[in-house]
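# build me a structure from this.
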Amino acid sequence: MLNPVVSAGAYTDHDKFIFESWGYFIIPDVLSKDEVQQCLEASERVHKAAGTPAFGQVGRGYET
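Numbering: from 1, shown residues only. I've put the predicted structure just below:
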């Protein structure tokens with residue numbers, strides 16, 4: 001199975017395939033620990049507002 005971790009640099013055909021297959025790819029160390037914490041807190045707020053019991057797709061959470 002392919003790994004969703006991609007390398008820094010130009011967006012390649014392989015990167016596009018990873019993104020189109022999984023809907024995401026991982027860029028190591030792109031966010032600081034504080035930024036990761038802020039993202040987690042935002043995700044928790046979205047899930048709480050949606051009433052979801054666990055992480056999963058909530059839909060359009062980025063708009064809030």
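
# and residue 18, how many neighbours does it have?
Look at residue 18: counted by other Cβ atoms under 10 Å, it has 19 neighbours. From N, CA and C alone the C-beta is placed, and that goes for glycine too.

# for it, which non-adjacent residue is spatially closest?
Nearest residue to residue 18 in three dimensions, chain neighbours excluded: residue 25, at 4.7 Å (Cβ to Cβ, 6 or more residues apart in numbering).

# next: residue 27.
Of all residues not flanking residue 27 in the chain, residue 6 sits nearest, at 6.2 Å (Cβ to Cβ, 6+ apart).

# and the helices in this protein?
With DSSP state H as the definition, the chain shows helices at residue ranges 13-22, 33-50.

# state the distance from residue 14 to residue 6.
Residue 14 sits 8 Å away from residue 6, going by Cβ to Cβ, to the nearest Å.

# that should have said residue 43, apologies.
From residue 43 to residue 6 the distance is 22 Å (Cβ to Cβ).

# ok, those two, which is more surrounded?
The neighbour comparison of residue 43 against residue 6 (other Cβ under 10 Å) goes to residue 6, with 17 against 13.

# contacting residues around the residue lying closest to residue 46 once chain neighbours are set aside?
Once flanking residues are discounted, residue 46 sits nearest to residue 61: 3.9 Å by Cβ to Cβ, 6+ apart. Residue 61 sits next to 43, 46, 50 when contact means Cβ atoms under 8 Å, 6 or more residues apart in numbering.

# quick one: the last one from residue 43, how far?
Okay, so that is residue 50. Taken as Cβ to Cβ, the span from residue 50 to residue 43 is 11 Å.

# so how far is residue 24 from the residue of the chain positioned farthest from its centre?
The outermost residue of the chain relative to its centre, with distances by Cα atoms, centre = their mean, is residue 51 at 20.1 Å. Applying Cβ to Cβ, the value for residue 51 to residue 24 is 24 Å.
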